[in-house]
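In: Build the 3D model from these lines:
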Amino acid sequence: MEAKKIRVMGIHSSPFRGGNTAYLLEHALQEAAKEGDVETEALALAGLNFSDCTQCNWCMRKQTPAQLCKIEDDISPILMKIRDCDVLVLASPVYFARLSGLMACLIDRTRCFIFGREKHLALKGKVGVALAVAWTRNGGIETTLESIHSAFLLHELWTPSVHAAGAIFGVGAVSGQMNEDLSYQTDKLGVRQDKQALQAAGLMMHKAAATARMLKGKG
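Out: Next up, the predicted model:
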């Protein structure tokens with residue numbers, strides 16, 4: 001019998017499907033896929049029609065395996081994918097030193113996993129990886145990563161780190177690459193030049209896959 005794959009679900013909240021945040025996420029998933037026993041999927045929140053959590057507590061009373069949240073919109077099938085994955089990768093651009101509104105909205109909707117009637121703390125024991133892309137080196141990367149990590153901790157996900165790569169709270173990348181005169185380069189995908197971040201993303205995903213394998217009793 002073929003061993004079950006480790007399922008890695010990547011979601012980014014950039015308004016640009018082919019932008020820097022999407023590029024970093026895709027790079028991370030490609031690195032994860034090198035593990036061999038890993039299958040990956042990437043989703044973009046841009047263009048989807050969905051609402052924020054209203055804290056109506058419907059999930060505490062009426063949740064079923066087929067309907068996790070009272071609100072049925074474009075997030076509904078994504079919640080199912082999050083429930084069924086082993087590794088959840090959330091990638092956000094940095095807006096005012098914090099995660100984007102779209103990502104915050106998605107995270108709010110995962111409240112149905114904490115208090116849901118079907119299973120409290122339904123995401124407990126999964127692995128969470130945070131990615132963030134800022135324009136400048138000190139533009140709020142760590143506060144964005146910490147915000148995503150806070151959500152992971154509330155769900156009791158495992159959040160691996162790679163100290164040697166400087167990936168302590170997740171992986172932060174910079175898209176605005178500077179010239180020596182402090183002017184910015186014009187490459188719209190400047191994240192491709194942040195070699196340290198790309199390397200860190202690869203190391204982080206290998207660590208995440210190893211952690212998921214351990215948690216599933218496969219390693």
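In: where does the spatially most central residue of the chain land in three-state SS?
Out: Centroid-nearest residue in the chain, with C-alpha atoms, centre = their mean: residue 90, separated by 1.1 Å. Per DSSP: H, G, I helix; E, B strand; the rest coil, the secondary structure class of residue 90 is strand.
In: Over to the one 4 residues further on?
Out: Reducing the assignment to helix, strand or coil with three-state DSSP, the entry for residue 94 is strand.
In: neighbours around it, how many?
Out: Around residue 94 there are 25 other residues, counting by other C-beta atoms under 10 Å. C-beta: built from backbone N, CA, C; applies to glycine.
In: list the contacts for the residue nearest to it when sequence neighbours are not counted?
Out: Leaving aside its sequence neighbours, residue 94 sits nearest to residue 134 (C-beta to C-beta, 6 or more residues apart in numbering; 3.8 Å). By C-beta atoms under 8 Å, 6 or more residues apart in numbering, residue 134 lies in contact with 93, 94, 140, 141, 144, 172, 173, 174, 175, 176.
In: Next one: the closest residue to residue 207 other than its chain neighbours from residue 64, what distance?
Out: Spatial nearest neighbour of residue 207, excluding adjacent residues (C-beta to C-beta, 6+ apart): residue 160 at 4.5 Å. Relative to residue 64, residue 160 is positioned 32 Å away (C-beta to C-beta, to the nearest Å).
In: More neighbours: these two, which one.
Out: residue 160 (20 against 10).
In: Enumerate every residue touching that one.
Out: 127, 129, 204, 207, 208, 211.
In: and it, that one's in a strand?
Out: No. Counting by three-state DSSP, residue 160 falls outside a strand, being coil.
In: confidence score at it?
Out: If you check residue 160, the pLDDT there is 94.
In: sorry, back to before: top of the contacts of residue 160 by neighbour count?
Out: Of the contacts of residue 160, with other C-beta under 10 Å as the count, residue 129 tops at 31 neighbours.
In: what is that one paired to in the beta sheet?
Out: For residue 129, the beta-bridge partners under DSSP bridges are residue 89.
In: hang on, it packs against residue 167?
Out: No. Between residue 129 and residue 167 there is no contact under C-beta atoms under 8 Å: 9.2 Å.
In: Mind listing the shared neighbours of the two?
Out: By C-beta under 8 Å, 6+ apart, the residues touching both residue 129 and residue 167 are residue 204.
In: Just grab the bridge partners of the residue nearest to residue 94 for me.
Out: residue 174.
In: Pull the residues that contact the longest helix along the chain.
Out: Using DSSP state H, we find that the single longest helix of the chain is helix 195-215. Here helix 195-215 makes contact (C-beta under 8 Å, 6+ apart) with 6, 8, 24, 27-29, 31-32, 34-35, 37-38, 86-87, 89, 125-127, 129, 131, 158, 160-162, 164-167, 170-174, 191-192, 219.
In: That's all I had, so thanks and see you.
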